[in-house]
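Participant: Build me a model:
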Amino acid sequence: MLQIMIPEREFFDERTGEFITIKQQELQLEHSLISLSRWESKWKKPFLIQSGKDGSHSLQEIQDYIRCMSLNQNVDPVVFQTLGPDVIKQVEAYIGDPHTATTIVDRRPNRSAGRGETITSELIYYWMVAHDIPFECQKWHLNRLLTLIKICNIKNIPAEKMSKQSIFAQNRSLNAQRRAALHSKG
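Facilitator: Residues are numbered from 1 along each chain as shown. Modelled structure (predicted):
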């Protein structure tokens, strides 16, 4: 969870011609599948943009995603509309953090980074159901949940069968190691 202190401030609303005061408050934010789902249900487009694909979010969309991330109740919408670039950078850094010690290295040859599939909240929910991941995990940091899904995918891939040549080579190597360790000739 990211906690951000919003200082008290006053600004002039040009639309209404009035001064507005925002009281000091602490925002508690969580980048989770729930937040993603809320945002996508409002904007009707995927929030996660795959690298290499053209597209970005407007300032209004980013501010609204931060609103969707909020765990606080009854926050004045003006607070989210007036967030400064420093707060947005803080939130973006939090969203980009993996929130796990796990790193995944795919050593399989000829594997592209992704299938070009558009990732939406519904697809992530499908992956959770397919891997029997409990729905409590929808409250986890989204990057941590996606890492768990990747691990489930990797662990569910059947092991590739070794060729006879590979088996023979492996056995020769093991026998040589054992002979060396036991100081034996055979």
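
Participant: Enumerate every residue touching the most centrally placed residue in the chain.
Facilitator: Nearest residue to the geometric centre of the chain (C-alpha atoms, centre = their mean): Asn143, 2.4 Å. Neighbour list for Asn143: 31, 95-100 [criterion: C-beta atoms under 8 Å, 6 or more residues apart in numbering]. Quick note: C-beta positions are derived from backbone N, CA and C, even for glycine.

Participant: Also Phe80?
Facilitator: If you count contacts by C-beta under 8 Å, 6+ apart, Phe80 has them with 63-64, 66-67, 70.

Participant: any chance you could map the strands in this structure?
Facilitator: With DSSP state E applied, the chain shows strands at 2-6, 9-13, 18-22, 25-29, listed in chain order.

Participant: just to revisit the earlier point, okay, the residue nearest to the centre of the chain: pLDDT?
Facilitator: Asn143 is assigned 95 on the pLDDT scale.

Participant: cool, Arg9 as well?
Facilitator: According to the model, Arg9 scores 86 on pLDDT.

Participant: Over to Thr21?
Facilitator: Confidence at Thr21, expressed as pLDDT, is 86.

Participant: The closest residue to it other than its chain neighbours and Thr82: what is the separation?
Facilitator: Computed as C-beta to C-beta, 6 or more residues apart in numbering, the closest residue to Thr21 that is not its neighbour in sequence is Glu10, at 4.7 Å. Relative to Thr82, Glu10 is positioned 11 Å away (criterion: C-beta to C-beta, to the nearest Å).

Participant: do you know how far the residue nearest to the centre of the chain is from Ile88?
Facilitator: In this structure, Asn143 and Ile88 are 18 Å apart, going by C-beta to C-beta.

Participant: Show me where the chain has its helices.
Facilitator: Under the criterion DSSP state H, the chain contains helices at 33-43, 59-69, 77-81, 85-96, 121-130, 142-155, 164-182.
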